[in-house]
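Enquirer: Sequence first, predicted model second:
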Amino acid sequence: MSNDERTFIAIKPDGVARGLVGEIISRFQRKGYTLVGLKQVVPSKDLAESHYEEHKERPFFSGLVSFITSGPVVAMVWEGKGSIAMARAMIGATNPLASAPGTIRGDFGVDVGRNIIHGSDSADSAKREIALWFKSCELLTEVVRSSNLYVPSL
Ligand code: GDP
Ligand code: MG
């Protein structure tokens, strides 16, 4: 299992508006993952539709796109062993009412349409979503992370 597995995580507008950004970042840091990309953006309709492309025929699609474009989203790339599946476990089930307490959705939400956070569901999705939301120059490289310029404990 590789140490440099990367996943795309987005705190949705409800999570940002409710002040959960610090709590969520803290959970991934405490687990042992490394933040290699971070930005706050109000996504365009194009970006939102591409991101949720797999759901375009679903009845909730237009509501989902309007919601995700309604305010700032905190987009992140997290790196570490097993990060894709572990982030999904830490996030919980799609419907917060079915998410176990201790997960992000289980602790902070009750509505499926306001479920706080997105996480990539597979290696292919992670690759696609990272490329959709980030330019490669916006992500830390191994060289930068291992240099003296990046010493988180200082
Ligand atoms: P996820 O991977 O757990 O985020 O879930 P999906 O990929 O299945 O769905 C994407 C997002 O669409 C979810 O996070 C929800 O915000 C939303 N969604 C999924 N199912 C429903 C639904 O039945 N009703 C509504 N309103 N939104 C839904
Ligand atoms: Mg999904």
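Expert: Cool, the structure landed. Residues are numbered from 1 along each chain as shown. Ligands and ions are numbered 1, 2, ... in the order given.

Enquirer: So which residues on the chain come close to ligand 1?
Expert: Selection of the chain residues close to ligand 1 by Cβ under 6 Å from any ligand atom yields 55, 60, 63-64, 94, 112-113, 115, 118, 121. C-beta: built from backbone N, CA, C; applies to glycine.

Enquirer: List buried residues within the residues you listed.
Expert: Buried subset of the residues of the chain next to ligand 1 (neighbour count, 16 or more other Cβ atoms under 10 Å): 64, 115, 118.

Enquirer: tell me which residues of the helix or strand hosting the first one are tucked away?
Expert: In the assignment (DSSP states H and E), Leu64 maps to helix 61-68. Of the residues in helix 61-68, 61, 64-65, 67-68 count as buried by neighbour count, 16+ other Cβ under 10 Å.

Enquirer: just checking, what packs against that helix?
Expert: helix 13-17, helix 45-51 (3 or more Cβ pairs under 8 Å, 6 or more residues apart in numbering; DSSP states H and E).

Enquirer: rounded to a whole number, what's the mean pLDDT of it?
Expert: In this model, helix 61-68 has a mean pLDDT of 98.

Enquirer: Same question for stretch 30-41.
Expert: 97.

Enquirer: Just the residues contacting that stretch, thanks.
Expert: Contact with stretch 30-41 is made by 6, 16, 25, 28-29, 72-80, 83, 86-87, 90, 130, 133-134, 138-140, 145, as judged by Cβ atoms under 8 Å, 6 or more residues apart in numbering.

Enquirer: got the contact list for stretch 46-54?
Expert: 43, 56, 61, 64-65, 68-69, 129, 132-133.

Enquirer: Can you give the distance of it from its chain's centre?
Expert: Relative to the centre of its chain, stretch 46-54 is centred 15 Å away, using Cα atoms, centre = their mean, to the nearest Å.

Enquirer: The closest residue to Ser120 other than its chain neighbours and Thr7, how far apart?
Expert: For Ser120, ignoring the flanking residues on the chain, the nearest one in space by Cβ to Cβ, 6 or more residues apart in numbering is Ala126 at 3.8 Å. Distance, Ala126 to Thr7, using Cβ to Cβ, to the nearest Å: 5 Å.
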